[in-house]
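A.B. asks: Need a 3D model of the following:
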Amino acid sequence: MGNGWALQAATSHFLGQNFARAFDIKFLDQNNELQYVWTTSWGLSTRFIGGIIMVHGDDQGIILPPRLAPYQVVIVPIWRNDEERSTVLRVGQKVMAELQDADIRVRLDDRDNVSPGFKFNDWEMRGVPLRIEIGPRDVEQGQVVFARRDVPGREGKRVVSQDGLAAQTQAMLEAIQATLLERATRFRDENTHRVENYEEFKEVLATQGGFIRVHWAGTSEDEDRIKEETKATIRCYPLDTPEGRGRCFYTGQETDRIAIFARAY
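C.D. replies: Got it, this is the predicted structure:
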(Lines give C-alpha, C1' and ligand atoms only; values in the text may rest on other atoms or scores of the structure.)
Protein backbone atom coordinates (compact mmCIF):
# COMPACT_ATOMS: atom_id res chain seq x y z
CA MET A 1 0.00 0.00 0.00
CA GLY A 2 1.00 3.66 -0.25
CA ASN A 3 2.39 3.77 3.30
CA GLY A 4 4.62 0.74 2.82
CA TRP A 5 2.36 -1.74 4.60
CA ALA A 6 0.99 -4.89 2.98
CA LEU A 7 -2.67 -5.79 2.63
CA GLN A 8 -3.81 -9.35 3.23
CA ALA A 9 -6.16 -10.21 0.39
CA ALA A 10 -7.23 -13.08 -1.86
CA THR A 11 -6.14 -15.61 0.77
CA SER A 12 -7.68 -19.00 1.56
CA HIS A 13 -8.33 -20.41 5.02
CA PHE A 14 -9.21 -23.89 6.22
CA LEU A 15 -11.73 -23.27 8.99
CA GLY A 16 -12.19 -26.90 10.02
CA GLN A 17 -15.41 -27.54 11.92
CA ASN A 18 -15.25 -24.49 14.20
CA PHE A 19 -18.05 -22.54 12.51
CA ALA A 20 -20.02 -25.71 11.78
CA ARG A 21 -20.14 -26.52 15.50
CA ALA A 22 -20.94 -22.92 16.44
CA PHE A 23 -23.87 -22.73 14.00
CA ASP A 24 -24.82 -26.42 14.10
CA ILE A 25 -24.27 -27.04 10.36
CA LYS A 26 -24.43 -30.77 9.60
CA PHE A 27 -24.72 -33.15 6.66
CA LEU A 28 -25.82 -36.75 6.32
CA ASP A 29 -22.82 -38.93 5.44
CA GLN A 30 -22.70 -42.18 3.45
CA ASN A 31 -23.37 -44.15 6.65
CA ASN A 32 -26.56 -42.15 7.16
CA GLU A 33 -25.07 -40.36 10.17
CA LEU A 34 -25.05 -36.61 10.83
CA GLN A 35 -21.60 -35.01 10.73
CA TYR A 36 -20.43 -31.44 11.13
CA VAL A 37 -19.35 -29.95 7.80
CA TRP A 38 -15.78 -28.86 7.08
CA THR A 39 -15.58 -25.28 5.85
CA THR A 40 -13.18 -22.99 4.01
CA SER A 41 -13.02 -19.27 3.40
CA TRP A 42 -11.42 -17.93 0.24
CA GLY A 43 -11.59 -15.53 -2.69
CA LEU A 44 -11.72 -11.81 -3.37
CA SER A 45 -13.85 -9.55 -1.20
CA THR A 46 -14.72 -5.90 -0.79
CA ARG A 47 -11.30 -5.51 0.88
CA PHE A 48 -9.99 -5.12 -2.67
CA ILE A 49 -11.83 -1.81 -2.93
CA GLY A 50 -9.77 -0.54 -0.02
CA GLY A 51 -6.64 -1.93 -1.65
CA ILE A 52 -7.35 -0.03 -4.88
CA ILE A 53 -7.85 3.20 -2.96
CA MET A 54 -4.69 2.77 -0.89
CA VAL A 55 -2.51 1.80 -3.86
CA HIS A 56 -3.65 4.41 -6.39
CA GLY A 57 -5.33 7.20 -4.39
CA ASP A 58 -3.87 10.63 -3.68
CA ASP A 59 -4.70 13.70 -1.58
CA GLN A 60 -7.54 14.58 -3.98
CA GLY A 61 -9.35 11.27 -3.44
CA ILE A 62 -9.69 8.00 -5.30
CA ILE A 63 -7.99 7.10 -8.58
CA LEU A 64 -9.72 4.15 -10.25
CA PRO A 65 -8.10 2.02 -12.97
CA PRO A 66 -10.27 2.34 -16.12
CA ARG A 67 -10.97 -1.39 -16.34
CA LEU A 68 -12.59 -1.32 -12.88
CA ALA A 69 -14.19 2.15 -12.80
CA PRO A 70 -18.02 2.20 -12.80
CA TYR A 71 -17.74 5.34 -14.93
CA GLN A 72 -14.64 5.44 -17.11
CA VAL A 73 -15.43 8.91 -18.43
CA VAL A 74 -17.40 11.88 -17.15
CA ILE A 75 -18.43 14.66 -19.53
CA VAL A 76 -18.58 18.10 -17.93
CA PRO A 77 -20.33 20.74 -20.07
CA ILE A 78 -19.43 24.37 -19.34
CA TRP A 79 -21.78 27.30 -20.02
CA ARG A 80 -22.51 30.85 -18.86
CA ASN A 81 -26.05 31.40 -20.12
CA ASP A 82 -29.08 29.49 -21.40
CA GLU A 83 -28.06 29.79 -25.04
CA GLU A 84 -24.62 28.32 -24.38
CA ARG A 85 -26.18 25.67 -22.16
CA SER A 86 -28.40 24.41 -24.97
CA THR A 87 -25.55 24.32 -27.49
CA VAL A 88 -22.99 22.69 -25.19
CA LEU A 89 -25.41 20.08 -23.84
CA ARG A 90 -26.37 19.06 -27.37
CA VAL A 91 -22.74 18.33 -28.17
CA GLY A 92 -22.25 16.64 -24.80
CA GLN A 93 -25.17 14.30 -25.47
CA LYS A 94 -23.75 13.52 -28.92
CA VAL A 95 -20.36 12.70 -27.42
CA MET A 96 -21.96 10.52 -24.73
CA ALA A 97 -23.91 8.52 -27.34
CA GLU A 98 -20.75 8.01 -29.40
CA LEU A 99 -18.81 6.73 -26.39
CA GLN A 100 -21.66 4.48 -25.29
CA ASP A 101 -21.75 2.94 -28.77
CA ALA A 102 -18.06 2.10 -28.24
CA ASP A 103 -18.91 0.33 -24.94
CA ILE A 104 -17.27 3.04 -22.85
CA ARG A 105 -18.91 3.61 -19.47
CA VAL A 106 -19.72 7.31 -19.49
CA ARG A 107 -21.72 9.86 -17.49
CA LEU A 108 -22.87 13.32 -18.63
CA ASP A 109 -22.92 15.69 -15.65
CA ASP A 110 -25.64 18.15 -16.67
CA ARG A 111 -26.34 19.44 -13.15
CA ASP A 112 -27.15 23.16 -13.26
CA ASN A 113 -27.10 23.83 -9.50
CA VAL A 114 -23.31 23.51 -9.06
CA SER A 115 -20.35 25.13 -10.81
CA PRO A 116 -17.99 23.40 -13.27
CA GLY A 117 -15.23 23.69 -10.65
CA PHE A 118 -17.40 21.83 -8.13
CA LYS A 119 -18.00 19.09 -10.70
CA PHE A 120 -14.27 18.81 -11.43
CA ASN A 121 -13.48 18.31 -7.73
CA ASP A 122 -16.46 16.00 -7.23
CA TRP A 123 -15.44 13.59 -9.99
CA GLU A 124 -11.76 13.78 -9.09
CA MET A 125 -12.64 12.72 -5.55
CA ARG A 126 -14.69 9.82 -6.95
CA GLY A 127 -11.76 8.69 -9.09
CA VAL A 128 -13.24 8.76 -12.59
CA PRO A 129 -10.21 8.09 -14.84
CA LEU A 130 -10.97 10.62 -17.59
CA ARG A 131 -12.89 13.90 -17.65
CA ILE A 132 -14.04 15.43 -20.93
CA GLU A 133 -14.67 19.17 -20.73
CA ILE A 134 -16.82 20.88 -23.38
CA GLY A 135 -17.30 24.64 -23.46
CA PRO A 136 -18.70 27.08 -26.08
CA ARG A 137 -15.26 27.59 -27.66
CA ASP A 138 -14.76 23.83 -27.89
CA VAL A 139 -18.10 23.53 -29.69
CA GLU A 140 -17.08 26.22 -32.20
CA GLN A 141 -13.70 24.60 -32.87
CA GLY A 142 -14.95 21.01 -32.99
CA GLN A 143 -12.83 19.88 -30.06
CA VAL A 144 -12.98 18.75 -26.45
CA VAL A 145 -10.53 18.82 -23.55
CA PHE A 146 -9.26 15.58 -21.98
CA ALA A 147 -8.30 15.78 -18.28
CA ARG A 148 -6.59 12.68 -16.84
CA ARG A 149 -7.26 11.82 -13.21
CA ASP A 150 -3.85 10.19 -12.80
CA VAL A 151 -1.96 13.29 -13.97
CA PRO A 152 -3.07 16.35 -11.94
CA GLY A 153 -3.13 19.93 -13.16
CA ARG A 154 -2.37 21.24 -16.62
CA GLU A 155 0.04 18.40 -17.38
CA GLY A 156 -2.91 16.01 -17.50
CA LYS A 157 -4.94 18.14 -19.91
CA ARG A 158 -4.98 17.86 -23.66
CA VAL A 159 -7.14 19.28 -26.49
CA VAL A 160 -8.44 16.66 -28.95
CA SER A 161 -10.66 16.77 -32.01
CA GLN A 162 -14.25 15.57 -31.86
CA ASP A 163 -13.54 13.53 -35.00
CA GLY A 164 -12.83 9.93 -34.05
CA LEU A 165 -13.38 10.79 -30.41
CA ALA A 166 -14.37 7.27 -29.31
CA ALA A 167 -11.09 5.80 -30.56
CA GLN A 168 -9.09 8.60 -28.95
CA THR A 169 -10.93 8.09 -25.68
CA GLN A 170 -10.32 4.35 -25.71
CA ALA A 171 -6.62 4.92 -26.37
CA MET A 172 -6.42 7.38 -23.51
CA LEU A 173 -8.12 4.95 -21.11
CA GLU A 174 -5.62 2.26 -22.09
CA ALA A 175 -2.78 4.69 -21.48
CA ILE A 176 -4.14 5.55 -18.03
CA GLN A 177 -4.50 1.85 -17.18
CA ALA A 178 -0.91 1.17 -18.23
CA THR A 179 0.39 4.20 -16.32
CA LEU A 180 -1.32 3.16 -13.09
CA LEU A 181 0.04 -0.38 -13.37
CA GLU A 182 3.57 0.84 -14.13
CA ARG A 183 3.46 3.36 -11.28
CA ALA A 184 2.23 0.80 -8.73
CA THR A 185 4.73 -1.82 -9.90
CA ARG A 186 7.60 0.65 -9.70
CA PHE A 187 6.54 1.71 -6.20
CA ARG A 188 6.43 -1.94 -5.09
CA ASP A 189 9.86 -2.69 -6.56
CA GLU A 190 11.43 0.46 -5.10
CA ASN A 191 10.08 -0.52 -1.70
CA THR A 192 11.23 -4.15 -1.79
CA HIS A 193 14.49 -4.59 0.13
CA ARG A 194 17.05 -7.37 0.59
CA VAL A 195 18.67 -7.90 4.00
CA GLU A 196 21.23 -10.41 5.25
CA ASN A 197 20.62 -10.48 9.02
CA TYR A 198 18.03 -9.71 11.65
CA GLU A 199 19.56 -6.44 12.81
CA GLU A 200 19.48 -5.10 9.27
CA PHE A 201 15.93 -6.41 8.95
CA LYS A 202 14.76 -4.40 11.97
CA GLU A 203 16.56 -1.26 10.82
CA VAL A 204 15.06 -1.37 7.31
CA LEU A 205 11.62 -2.10 8.67
CA ALA A 206 11.79 0.84 11.08
CA THR A 207 13.24 3.38 8.64
CA GLN A 208 11.89 2.35 5.23
CA GLY A 209 9.09 -0.20 5.61
CA GLY A 210 7.90 -1.99 2.49
CA PHE A 211 8.53 -5.61 1.56
CA ILE A 212 11.67 -7.30 2.90
CA ARG A 213 12.91 -10.25 0.87
CA VAL A 214 15.04 -12.76 2.77
CA HIS A 215 16.34 -16.30 2.83
CA TRP A 216 14.20 -18.16 5.35
CA ALA A 217 14.75 -21.41 7.25
CA GLY A 218 12.88 -20.47 10.40
CA THR A 219 9.95 -22.17 12.13
CA SER A 220 6.49 -20.88 12.89
CA GLU A 221 7.76 -20.15 16.42
CA ASP A 222 10.56 -18.04 14.91
CA GLU A 223 8.02 -16.12 12.86
CA ASP A 224 5.91 -15.56 15.98
CA ARG A 225 8.92 -14.07 17.77
CA ILE A 226 9.67 -11.80 14.82
CA LYS A 227 6.05 -10.67 14.75
CA GLU A 228 6.07 -9.94 18.48
CA GLU A 229 9.24 -7.86 18.20
CA THR A 230 8.61 -6.06 14.87
CA LYS A 231 4.92 -6.57 13.91
CA ALA A 232 6.16 -8.03 10.59
CA THR A 233 5.05 -11.42 9.28
CA ILE A 234 5.61 -13.54 6.19
CA ARG A 235 3.35 -12.29 3.40
CA CYS A 236 4.23 -14.93 0.81
CA TYR A 237 6.81 -17.39 -0.49
CA PRO A 238 7.58 -16.21 -4.05
CA LEU A 239 7.83 -18.80 -6.81
CA ASP A 240 10.53 -16.80 -8.58
CA THR A 241 13.73 -17.16 -6.53
CA PRO A 242 16.78 -16.10 -8.56
CA GLU A 243 18.78 -15.70 -5.33
CA GLY A 244 19.46 -19.45 -5.15
CA ARG A 245 20.78 -20.85 -1.90
CA GLY A 246 21.83 -18.63 0.98
CA ARG A 247 21.78 -18.27 4.74
CA CYS A 248 18.56 -17.57 6.64
CA PHE A 249 18.65 -14.01 7.94
CA TYR A 250 17.25 -15.15 11.30
CA THR A 251 18.65 -18.63 12.03
CA GLY A 252 21.81 -18.61 9.92
CA GLN A 253 20.92 -21.99 8.42
CA GLU A 254 21.53 -22.59 4.72
CA THR A 255 18.35 -22.71 2.61
CA ASP A 256 17.00 -22.13 -0.89
CA ARG A 257 13.67 -20.86 0.44
CA ILE A 258 12.78 -17.18 0.01
CA ALA A 259 10.17 -15.35 2.10
CA ILE A 260 8.77 -11.85 1.89
CA PHE A 261 8.10 -10.12 5.21
CA ALA A 262 6.13 -6.93 5.84
CA ARG A 263 3.84 -5.28 8.32
CA ALA A 264 0.26 -5.76 7.22
CA TYR A 265 -3.27 -4.56 7.78
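
A.B. asks: Kindly report the domain assignment for this protein.
C.D. replies: 12-45, 73-187, 192-263 (automatic domain parsing).

A.B. asks: Tell me how far the first one lies from the chain's centre.
C.D. replies: What that stands for is domain 12-45. Chain-centre distance of domain 12-45: 33 Å, with CA atoms, centre = their mean, to the nearest Å.

A.B. asks: With the second one instead?
C.D. replies: Taking the mean C-alpha point of domain 73-187 and that of its whole chain, the gap between them comes to 22 Å (CA atoms, centre = their mean).

A.B. asks: same question, stretch 50-69
C.D. replies: Put simply, stretch 50-69 sits 5 Å off its chain's centre (CA atoms, centre = their mean).

A.B. asks: Which positions in that stretch come out as buried?
C.D. replies: Within stretch 50-69, the residues that count as buried by 16 or more other CB atoms under 10 Å are 51-53, 55-57, 61-66, 69. Where C-beta positions appear, they are placed from N, C-alpha and C, glycine not excepted.

A.B. asks: Next: stretch 179-199.
C.D. replies: Residues of stretch 179-199 classed as buried by neighbour count (16+ other CB under 10 Å): 180, 187, 193, 195, 198.

A.B. asks: of these, closest to residue 231?
C.D. replies: Checking the buried residues of stretch 179-199 against residue 231 with CB to CB, the nearest one is residue 198 at 14.5 Å.

A.B. asks: Can you tell me the closest non-neighbouring residue to that closest one?
C.D. replies: Spatially, and ignoring its direct neighbours in sequence, residue 198 is nearest to residue 250 (5.4 Å; CB to CB, 6 or more residues apart in numbering).

A.B. asks: Touching, the one you found and residue 219? I think so.
C.D. replies: No - using CB atoms under 8 Å as the test, residue 250 is too far from residue 219 to be in contact (9.7 Å).

A.B. asks: Neighbour count: those two, which is higher?
C.D. replies: residue 250 (21 against 10; other CB atoms under 10 Å).

A.B. asks: what's the straight distance from one end of stretch 13-24 to the other?
C.D. replies: In stretch 13-24, first residue to last residue: 20 Å (CA to CA, to the nearest Å).

A.B. asks: residue ranges for the strands of the stretch 101-250 of the chain, please.
C.D. replies: 106-108, 130-134, 143-148, 157-161, 192-194, 211-215, 232-236, 246-247 (DSSP state E, counting those that start in this stretch).

A.B. asks: which residues touch the closest residue to residue 232 other than its chain neighbours?
C.D. replies: Excluding its sequence neighbours, the residue lying closest to residue 232 (CB to CB, 6+ apart) is residue 261, at 4.7 Å. Counting by CB atoms under 8 Å, 6 or more residues apart in numbering, residue 261 touches 201, 205, 211, 212, 214, 226, 232, 233, 234, 235.

A.B. asks: so can I have a markdown table of the strands of the stretch 101-250 of the chain showing mean pLDDT?
C.D. replies: Converted to a markdown table, the strands of the stretch 101-250 of the chain look like this (pLDDT from 0 to 100):
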| stretch | mean pLDDT |
| --- | --- |
| strand 106-108 | 98 |
| strand 130-134 | 98 |
| strand 143-148 | 97 |
| strand 157-161 | 96 |
| strand 192-194 | 96 |
| strand 211-215 | 97 |
| strand 232-236 | 95 |
| strand 246-247 | 96 |
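
A.B. asks: Residue 83: which of these is closest?
C.D. replies: Taking CB to CB, strand 130-134 is the member of the strands of the stretch 101-250 of the chain nearest to residue 83, at 15.0 Å.

A.B. asks: Would you pull up how far stretch 223-231 lies from the middle of the chain?
C.D. replies: 28 Å.
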